[in-house]
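Peer 1: From the sequence below, what's the structure:
(one chain, ligands or ions: 1)
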Amino acid sequence: MELKEVIGRRRSIRFIDPDRPVERAKIQKMLEAARLASFWGNVQALKAVAIERASAPQEVIDALPIGTAIGGFQFRAAPVVIVWLLDWNQVTVQGDRLHELVDAGALGVNVEKSHAYLDSTLIPFFQLGNEKIRTAGITEVDCGQGIAQATLVAFEEGLGTCLLGVMNDRKLKRVLRLPADSKVLVVQTVGYPKEDPEAGGQRPRIPFEQRFFLNRFGDSFRRDENVVHELQQAKMLQRPAPTPGRRDELRALAKDYGLGDIFGDEVPAIIADMTQAAEEDGPEAAK
Ligand SMILES: Cc1cc2nc3c(=O)[nH]c(=O)nc-3n(C[C@H](O)[C@H](O)[C@H](O)COP(=O)(O)O)c2cc1C
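Peer 2: Below you'll find the model as predicted:
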């Protein structure tokens with residue numbers, strides 16, 4: 001499959017086959033893709049714990065979130081769940097990464113002078129801006145790039161995935177023994193789709209011209225219909241949701257998965273869980 005088509009077929013797949021295991025090699029390929037993604041200063045703060053339902057200790061399975069804002073049933077069905085985290089400790093050893101870049105011929109012309117310049121100027125400069133870097137969002141952006149690459153590989157391998165936000169990551173952090181100075185960014189369910197891989201078609205997107213601009217914000221980047229046509233031919237742009245028969249498919253899937261007519265009915269339980277966590281943490285933790 002061409003990359004363009006993989007991009008077009010990438011959809012949040014919520015209905016994953018609980019009975020079809022995922023080959024560990026495919027998970028490795030996803031992680032290999034995440035590892036290669038670019039990162040500012042080559043920091044590589046994106047890390048992951050892949051939880052394989054078939055081999056994980058029960059304590060780990062039990063630590064998975066009780067739900068998400070929309071569809072917690074996904075955690076219970078997925079044979080593999082990847083917990084993606086940002087390890088801030090990597091930022092503190094960023095100097096080492098920069099020195100590696102010099103040795104790799106990626107930073108500077110003269111090796112000796114470049115190492116010296118890093119120590120005298122560039123690394124202290126980055127350290128000066130450490131707090132700004134923490135809040136700027138670039139570290140999260142780069143983590144997102146890695147997760148996106150892994151996601152595309154998953155679709156290339158015939159898998160489906162869905163990214164799910166975690167409201168309360170305390171239990172996961174404790175049971176998975178995540179570093180103290182880390183945060184769970186997102187959790188990704190992975191498995192073979194039980195729904196049609198088209199998943200009801202391309203989900204709605206805000207019109208192109210309302211999101212992308214040329215030279216000034218507000219001046220729309222004109223969408224050339226020839227390009228649109230070319231991308232349609234390459235199957236990157238696909239038919240819009242809902243495709244015919246989608247409602248029937250959803251009804252059948254909901255029956256199989258024991259779901260009601262709506263998603264997200266675990267929200268009250270999530271709120272209770274968050275309230276309890278906040279009470280346990282006390283007012284200091286809320287600051
Ligand atoms: C970073 C991220 C977090 C998400 N978190 C959740 C979530 O907590 N619960 C959920 O049901 N869907 C979640 N989603 C899936 C979105 O709802 C989904 O991307 C959106 O409905 C558009 O569908 P599409 O991904 O198929 O285009 C998340 C997606 C992303 C990219």
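
Peer 1: in the strand ranked longest in the chain, what's buried?
Peer 2: Longest strand in the chain, counting residues (DSSP state E): strand 182-191. By 16 or more other C-beta atoms under 10 Å, the buried positions in strand 182-191 come out as 182, 184-191. Quick note: C-beta positions are derived from backbone N, CA and C, even for glycine.

Peer 1: Name the strands paired with it and say parallel or antiparallel.
Peer 2: The strands beside strand 182-191 in its sheet (DSSP bridges) come out as strand 80-87 (antiparallel), strand 160-164 (antiparallel).

Peer 1: model confidence over the following helix or strand past the first one, on average?
Peer 2: Going back to what we said before, that points to strand 80-87. Counting by DSSP states H and E, the next helix or strand C-terminal to strand 80-87 is helix 89-92. For helix 89-92, mean pLDDT is 94.

Peer 1: Pipe the buried residues of strand 182-191 into JSON lines and attach pLDDT per row.
Peer 2: Shown next, in JSON lines, are those (pLDDT from 0 to 100):
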{"residue": "Ser182", "pLDDT": "95"}
{"residue": "Val184", "pLDDT": "95"}
{"residue": "Leu185", "pLDDT": "97"}
{"residue": "Val186", "pLDDT": "96"}
{"residue": "Val187", "pLDDT": "96"}
{"residue": "Gln188", "pLDDT": "97"}
{"residue": "Thr189", "pLDDT": "96"}
{"residue": "Val190", "pLDDT": "98"}
{"residue": "Gly191", "pLDDT": "98"}
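
Peer 1: ok, so of these, who is nearest Ile27?
Peer 2: Val190 (6.9 Å; C-beta to C-beta).

Peer 1: gap between the residue nearest to the closest one when sequence neighbours are not counted and the ligand?
Peer 2: Among residues not flanking Val190 along the chain, Val80 sits closest, at 4.3 Å (C-beta to C-beta, 6 or more residues apart in numbering). Per C-beta to the nearest ligand atom, to the nearest Å, Val80 is found 17 Å from the ligand.

Peer 1: Next: Val153.
Peer 2: 16 Å.

Peer 1: For the residue nearest to Val190, list each beta-bridge partner.
Peer 2: Taking DSSP bridges, one finds Glu52, Val190 as the beta-bridge partners of Val80.

Peer 1: Check whether it really touches Tyr192, as I assumed.
Peer 2: No: using C-beta atoms under 8 Å as the test, Val80 is too far from Tyr192 to be in contact (10.4 Å).

Peer 1: ok, now which ones touch the nearest residue to Gly160 once chain neighbours are set aside?
Peer 2: Distances taken as C-beta to C-beta, 6+ apart place Ile13 nearest to Gly160, at 2.8 Å, with adjacent residues excluded. Residues near Ile13 by C-beta atoms under 8 Å, 6 or more residues apart in numbering: 160-162, 193, 195, 197, 199.

Peer 1: Produce a ChimeraX select command limited to the buried residues of those.
Peer 2: With 16+ other C-beta under 10 Å as the burial test, the buried ones among the contacts of Ile13 are selected in ChimeraX as follows:
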select :160,161,162,193,195,199
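
Peer 1: Next, count neighbours for the closest residue in space to Gly72 that isn't next to it in sequence.
Peer 2: Closest residue to Gly72 apart from its sequence neighbours, by C-beta to C-beta, 6+ apart: Glu266 at 4.6 Å. Other residues near Glu266 number 19, with proximity taken as other C-beta atoms under 10 Å.

Peer 1: Glu266 reaches Gln74, doesn't it?
Peer 2: No: using C-beta under 8 Å as the test, Glu266 is too far from Gln74 to be in contact (11.1 Å).

Peer 1: number of nearby residues for Glu52?
Peer 2: So Glu52, with other C-beta under 10 Å, has 17 neighbours.

Peer 1: Kindly report the same for Trp40.
Peer 2: When counting by other C-beta under 10 Å, one arrives at 17 neighbours for Trp40.

Peer 1: Test my guess that it contacts Cys143.
Peer 2: No: assessed by C-beta under 8 Å, Trp40 is found out of contact with Cys143, at 10.7 Å.
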